[in-house]
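> Okay, here's the prediction I keep looking at, along with the sequence it came from:
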Amino acid sequence: MKWNIQKRLLVLVLAAGILSFLTLSGLSFYGLYAVHNEMKEMGDEVGKAGAKFTENLVTYQLKKTLEELAKARAGFIEQRLGGFRSNIEILSRTMTRIASDPDDYKPIKLINPQFEPVYNTQTYMTYGPDIKRDGLTPETEHELAIAGNIRVLLESLERMFMEYPSSVYIGTKHGCFICCPSFPDKPNEPKPFAESEFFDYDPRERPWYKQAIAANAPVFFELDSHTNLGKYQRFGCSAPYYDRYGVAGVVGLDVPNVDIYKAINETAIGSDGFSFVLNKNGRVIFSSRTEGELVAKANGEDMRTSSKRRFARAASKMTRGESGIMPVTVDGEEYFLAFAPMKYTGWSFGTLTLRKDIDVAVDKSREYFITQVQGFSSRLQDRYFIMTFISSLLVIGLLYLLFIASNKVSAMFVKPIHELSDGVREIASGNLDKKLDIHTGDEIEHLATCFNAMTDELKAHMANLTKVTAEKERIATELDVATEIQSGMLPKDFPVHENFELLATMKPAKEVGGDFYDYYFIDETHLAITVADVSGKGIPAALFMVIAKTVLKNFTMSMHNREGLAEVVAASNDKLCANNEAMMFVTAFVGVLDLQTGEFVFVNAGHNPPVVYHAEENHCDFLDVKKNFVLGPMDEIPFAEQKILLKPGDLLFLYTDGVTEALNVNDEEYLPDRLIDFMNSTDCTANLETLLENVRGDLSKHVGEAEQSDDITMFALRFNR
Amino acid sequence: MEIKKEQNGSALTIHVIGRLDAGSAPELSKELTTALDGVTDLTFDFAELKYIASAGLRVLLVAQKRMNKQGSMKLINVSEAVMEVLDMTGFASLMTIA
């Protein structure tokens, strides 16, 4: 599957993006999940701990409240009792003043119930067993009449309690009893009396009298020994009073405990709660219960000795004047007992609350708390799911955006590449003037710059190549021209003469070389011949060849007949040396044949020795030549001239080193030995064309496929005379 | 063709190996134009020179002409084939061959 760069980039960017997204999302989801779990766990723990704490707190608070309530009620009862007590104190002080200063008062005769009816809130007096027995002295009568003054106070005090059956009364030291009763049940009927009450009732024998005398202070007492008046218990408060001789009697208040009862009753908490008051002796003296273990009754048991241990312990604390709250069992039910002392009386107030009521309250609190925590937990759960949902949506949205962005980015990335490839295509199609105009500032711009540089170089190179090619073509053309000139300078009209035959060929190498030959008549009987080889190749060699050929011919024509061949060559050499800074030189074999005698004069200036064919012997030899120096480099040097006599049929074969040094593919030279051997083996009497053809043939055999490296010149001259 | 040079102070020995023909002669010529500066004693060692063409002779000639001005030049270890060319062209009598 082959993807283009855009697709790859897209996939790369996308993959990177998706990977990051997924990693981040995974992390956030994991984080969310972890937080959620942690919160849930914490919620559970906080729920439990909180519930426990709430339970404890509520329990503590409830207990505290109950205890405080007990204290408050105890205080309230105390206050009420204080009210009674101050009334009793007022009564006691007033009675003391009356009894102490009897002269300040007028005698008042009170109702004697034995003879008169007593109506509601009327004060009456009975005389008691002592006076019945001993009779009434005038002093006593007077004293009692003075004491009658208390009637005003008694009646006003009694009116405070007249709603309930109650009485305010005084017992004197004589055993008399002054009393102001209320009986709201039958207020319009006179108070009924038993016969015994008129004479036999002795207040001094009553507990309220005795206790007050014993305490010599105001005392509270329970009236449990009295008739129980309906559901209310009654109680009283009494205090001694004095005359100038000491204790003169006791004043007392005998009221129902309605207020206190109400206070006790209202204190009760819960469905089956109730309250009670315990006296110093551990007996229940007030109770909002009318039945069961904790009713107030005469001669009730001492609760401290109760068989119920916990209650007994609580009762002990109550009688010791402590406050607190304790669990107890009453009538088979579990209760909390809160209690608080009452100082004046030494009693203790207790209120009982059903334990299950408290438990219910505590449970409710705990349940409320747990509900709250669960609510928190479920809200958390909801939030968690919403967050997860939103996050998922966000991730999907972002992925979509990423896809779009990646697409754009990769397209953006690839755009310059497209531009580049379009541009390159245009350049490739031949528009080298096209410039890539990409400015992305990155590697692509660099590439484009490189392409532009390459295009420029290509252009320059092509221009250069065109120039060089043109140059080369020009030089090649010139060389061709030179070759043609060279070859055109070589004479081709071989003379037909009865005294000799002559034939020459020059086969130039690929590049223009420096071989040349020449022949011309000096006069009617002398034929001059030249075979030469200029050093080097090319234009310089060709030029030097032209000069050499011209110089040689000119000097031969002008000088030969006067000064001989050696001088011709010497003069030519001097001429060629002039201004020859390049040290060009030419090897030359120059000869002159006397067509009548066959005498052949020659100078060999550094050239290959020619082959001579002796017709008589039918044999070929190298001509024995003197070794003169080449022409050109050194002037003013002498040249040796030689001569031989050619007989009819003799033949001279002249050549250049192109023949003897011709190379085969193995770089082996043809060599002079092979030449002379071939010349001896072939028919040297054949016509010259055939002869040269045969030599060329043997040479070709040697050379084979190898390229010709030098000009090959052959020159044959046969003397026929 | 291959050229090896041995410089020892102002004495220079040049080994020419292979064929010194029209193709390779310009190379030697170029080499000599710089190599001969300050040389007073030039030696061509032709022990491994197989062939010398006229172009090669011309290089020798240029060198000889220059060395005539600044010192001396000699050819050593000249093979038979090369000697034959030198002989034939008259170079043998012009140059010091040891």
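Thanks, I have the structure now. Numbers count the residues shown, from 1 in each chain, chains lettered A, B, ... in the order given.

> What is the burial count for the nearest residue to A:Thr690 once chain neighbours are set aside?
Setting aside the residues directly before and after it, A:Thr690 is nearest to A:Asp683 in space (CB to CB, 6 or more residues apart in numbering or on different chains), at 7.9 Å. For every residue, glycine as well, the C-beta is placed using N, CA and C. As a burial measure, A:Asp683 scores 10 neighbours (other CB atoms under 10 Å in any protein chain shown).

> next one: A:Thr587
The number of residues packed near A:Thr587 is 28, by other CB under 10 Å.

> re earlier: what kind of secondary structure is the residue nearest to A:Thr690 in?
Under DSSP: H, G, I helix; E, B strand; the rest coil, the three-state class of A:Asp683 is coil.

> Can you check the pLDDT for the residue nearest to B:Phe46 when sequence neighbours are not counted?
Leaving aside its chain neighbours, B:Phe46 sits nearest to B:Val78 (4.8 Å; criterion: CB to CB, 6+ apart). pLDDT recorded at B:Val78 is 93.

> From A:Met583, how far off is the closest residue to B:Leu36 other than its chain neighbours?
Take B:Leu36 and drop its neighbours on the chain: the residue closest to it by CB to CB, 6+ apart is B:Arg66, 5.9 Å away. The gap separating B:Arg66 from A:Met583 is 10 Å, by CB to CB, to the nearest Å.

> where does chain B come near chain A, residue by residue?
B:19, B:21-23, B:25, B:51, B:53-55, B:57-58, B:61-62, B:65, B:87-94 (CB under 8 Å from any CB of the partner chain).

> how far does the longest strand belonging to chain B sit from the chain's center?
In terms of residue count, the longest strand belonging to chain B (DSSP state E) is strand B:11-20. Averaging C-alpha coordinates over strand B:11-20 and over its chain gives two centres that are 6 Å apart (CA atoms, centre = their mean, to the nearest Å).

> same deal with stretch A:419-428?
If you compare the mean C-alpha spot of stretch A:419-428 with that of the full chain, they lie 44 Å apart, counting by CA atoms, centre = their mean.

> And the host helix or strand of B:Lys4, how far out from the chain middle?
For B:Lys4, the element it lies in under DSSP states H and E is strand B:2-8. A distance of 12 Å separates the C-alpha centroid of strand B:2-8 from that of its chain, computed with CA atoms, centre = their mean.

> do stretch A:82-100 as well
Using CA atoms, centre = their mean, the mean C-alpha position of stretch A:82-100 is found 92 Å from that of the whole chain.

> same question, stretch A:327-340
What separates the centre of stretch A:327-340 from the centre of its chain is 65 Å, taken as CA atoms, centre = their mean.

> Return the set of buried residues in that stretch.
Buried positions in stretch A:327-340, judged by neighbour count with 16 or more other CB atoms under 10 Å in any protein chain shown: A:328, A:330, A:335-340.

> what's the farthest-apart pair in those residues?
Across the buried residues of stretch A:327-340, the two members that end up farthest from each other (CB to CB) are A:Val330 and A:Ala340, 18.1 Å apart.

> And residue 24, what's its pLDDT?
Let's take chain A. We note a pLDDT of 82 for A:Leu24 in this prediction.

> Switch to chain B, please.
If you check B:Ser24, the pLDDT there is 87.

> Phi first, then psi, for A:Ala411.
Here the main-chain torsion angles of A:Ala411 (degrees, to the nearest 10) amount to phi -60, psi -40.

> Ignoring the adjacent residues along the chain, who's closest to it?
In space, and not counting its chain neighbours, A:Ala411 is closest to A:Gln6: 6.2 Å by CB to CB, 6+ apart.

> I figured the one you found was touching A:Phe413, is that so?
Yes. A:Gln6 lies in contact with A:Phe413 (CB atoms under 8 Å); the separation is 7.2 Å.

> So for stretch A:696-711, mean pLDDT?
Stretch A:696-711 comes out at a mean pLDDT of 90.

> Other residues contacting it?
Contacts with stretch A:696-711, where a contact means CB atoms under 8 Å, 6 or more residues apart in numbering or on different chains, come from A:505-510, A:513-515, A:533, A:656-659, A:661-665, A:668, A:670, A:674, A:678, A:682, A:712, A:714, B:21-23, B:53.

> Which of the residues you listed fall within strands?
Using DSSP E, A:505-507, A:515, A:533, A:712, A:714 are the members of these that sit in strands.

> Most neighbours among these, please name it.
Neighbour counts for the ones in strands among the contacts of stretch A:696-711 (other CB under 10 Å) peak at A:Asp533, which has 30 neighbours.

> Need the pLDDT of the closest residue to that one other than its chain neighbours.
Here the nearest residue to A:Asp533 in space, its sequence neighbours aside, is A:Thr656; by CB to CB, 6+ apart that works out to 4.5 Å. Per-residue confidence at A:Thr656 stands at 93 (pLDDT).

> For residue 13, which residues are in contact?
In the absence of a named chain, chain A is used. Counting by CB under 8 Å, 6+ apart, the residues that A:Val13 touches are A:402, A:405-406, A:409-410.

> I was after chain B.
B:Thr13 makes contacts with B:5-6, B:43-45, as judged by CB under 8 Å, 6+ apart.

> Most neighbours among the residues you listed, which one?
B:Phe44 (24 neighbours).

> Dihedrals phi and psi, that one?
Geometry field for B:Phe44 lists phi and psi as phi -100, psi 120, criterion degrees, to the nearest 10.

> I'd like the distance from the nearest residue to it once chain neighbours are set aside to A:Lys575, if you could.
Closest residue in space to B:Phe44, ignoring its immediate chain neighbours: B:Leu75 at 4.8 Å, by CB to CB, 6+ apart. Noted for B:Leu75: a distance of 29 Å to A:Lys575, by CB to CB.

> Could you check which of those two is surrounded by more residues?
When B:Leu75 is set against A:Lys575 and neighbours are counted by other CB under 10 Å, the residue ahead is B:Leu75, at 23 against 19.

> So what angle separates the directions of the host helix or strand of the more buried one and strand B:11-20?
The secondary structure element spanning B:Leu75 is strand B:72-76 (assigned by DSSP H and E). In this structure, strand B:72-76 runs at an angle of 50 degrees to strand B:11-20, with axes from the mean of the first three to the mean of the last three CA atoms, to 10 degrees as the basis.

> From the contact counts, what lies against strand B:72-76?
With contacts taken as 3 or more CB pairs under 8 Å, 6 or more residues apart in numbering or on different chains; DSSP states H and E, strand B:72-76 sits against strand B:41-45, helix B:54-70, strand B:96-97.

> Listing partners with orientation, what would you give for that strand?
Counting by DSSP bridges, the strands paired with strand B:72-76 are strand B:41-45 (parallel), strand B:96-97 (parallel).

> could I get these as a markdown table with mean pLDDT?
Putting the strands paired with strand B:72-76 into a markdown table (pLDDT from 0 to 100) gives the following:
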| stretch | mean pLDDT |
| --- | --- |
| strand B:41-45 | 94 |
| strand B:96-97 | 91 |
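
> okay if I get those as a markdown table plus distance to A:Glu426?
Rendered in a markdown table, the data for these read as follows (distance: least, CB to CB, whole Å):
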| stretch | distance to A:Glu426 |
| --- | --- |
| strand B:41-45 | 60 |
| strand B:96-97 | 68 |
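
> Noted, bye for now.
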